[in-house]
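> this is a predicted model, with the sequence first.
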Amino acid sequence: MIGTRRLTNDGFTLVEVLITLAIASVIMTGVYAAFKAQQNSYIVQEQVAEVQQNIRAGLDIIVSEIRMAGFDPERTAGAGITTVAAGQISFTQDLNGDGDTLDTNEIVDYGFTPATSNPNYDVARDGVPDVDIDGDGVPDAMALGRQSGGAGGYQSVVENIQAIEFRYLDADGNVTATPADVASVQFSILARARRPDPGYQNTITYTTPSGASWGPFNDNFRRRFETMTVKCRNLGL
């Protein structure tokens, strides 16, 4: 007796296929949303860490050297603060104790490059760059520089600085514009992230100890603002 084969239909119906695709779409949407959220969080953390590292590097270098302003072990070099502009500080120090301030690193300037030969400069020495190359209405962030010997140009100390402010205090904590009376310096610095974040809008106003306001910039760059008071160990004695 010849057996008979039972024919069956083991495939999926159209309804089942559509339901499966719908479920898969929901799952993939959730996976993508989680991935996107993690990616955005990573970008934010990366930018915050970048700005924080940048500003700390600048502060460590500048603050440590300002503390030594006026170092004059023999009391014969006349070392001290020489420029008290809001956007530039200049000082002398007798590091080798030879009675003068003419040797390497004994005349120091910090600020944005004031020379007009540089496309990014601070002619007024007010601590805010003068140039807006991209035309967005916001002064460009630039390198905060250091010059040694009173000439030779400013060498970059820290990049992407939006603004700075030096504020000079005498021994009683009062603001002074007289170099010989300076005992401490309040230094404010506003650093900017290197790249914009399209999902972020910076509407913050940053206020310095002098009452100056920086911002709101209304752009997509994250920024970090720091202010600290540096006691000049060799001044105001």
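That came through, no problem. Predicted model only: the values in this text are computed from it and were never measured. Residues are numbered from 1 along each chain as shown.
> which parts of this protein are strands?
Shown for the chain, the strands assigned by DSSP state E span residues 81-85, 88-92, 107-111, 142-148, 155-169, 184-192, 206-207, 213-214, 223-231.
> who are the packing partners of the longest one?
To tie it back to what came earlier, the one meant is strand 155-169. Contact analysis of strand 155-169 by 3 or more C-beta pairs under 8 Å, 6 or more residues apart in numbering; DSSP states H and E lists helix 14-66, strand 81-85, strand 142-148, strand 184-192 as its packing neighbours. Where you see a C-beta, it was placed from the backbone N, CA and C, and this is true even at glycine.
> pick out the shakiest of those, pLDDT-wise.
When mean pLDDT is averaged over each of the helices and strands packed on strand 155-169, helix 14-66 scores lowest at a mean of 79.
> packing partners of that one?
Applying 3+ C-beta pairs under 8 Å, 6+ apart, one finds that helix 14-66 makes contact with strand 107-111, strand 142-148, strand 155-169, strand 184-192, strand 223-231.
> rewinding a little: between the strands of the chain, which gets nearest to Glu74?
Each of those has some distance to Glu74 by C-beta to C-beta; the shortest is strand 88-92, at 13.5 Å.
> what about that closest one, average pLDDT?
Here the mean pLDDT over strand 88-92 is 96, rounded to a whole number.
> give me the residues contacting it.
With contact meaning C-beta atoms under 8 Å, 6 or more residues apart in numbering, strand 88-92 is reached by 66, 69-70, 77-83, 101, 106-112, 114, 122, 125, 127, 150, 166, 185.
> partners of that strand in the sheet?
With DSSP bridges as the criterion, the sheet partners recorded for strand 88-92 are strand 81-85 (antiparallel), strand 107-111 (antiparallel).
> what angle do that strand and strand 184-192 make?
Counting by axes from the mean of the first three to the mean of the last three C-alpha atoms, to 10 degrees, strand 88-92 points 140 degrees away from the direction of strand 184-192.
> how far does strand 88-92 sit from the chain's center?
Centroid separation between strand 88-92 and its chain, computed with C-alpha atoms, centre = their mean, to the nearest Å, is 21 Å.
> now stretch 208-228
With C-alpha atoms, centre = their mean as the basis, the distance from the averaged C-alpha position of stretch 208-228 to the chain average is 10 Å.
> please point out which parts of it sit buried.
By neighbour count, with 16 or more other C-beta atoms under 10 Å as the criterion, the buried positions of stretch 208-228 are 208, 212, 214-215, 217, 219, 221-225.
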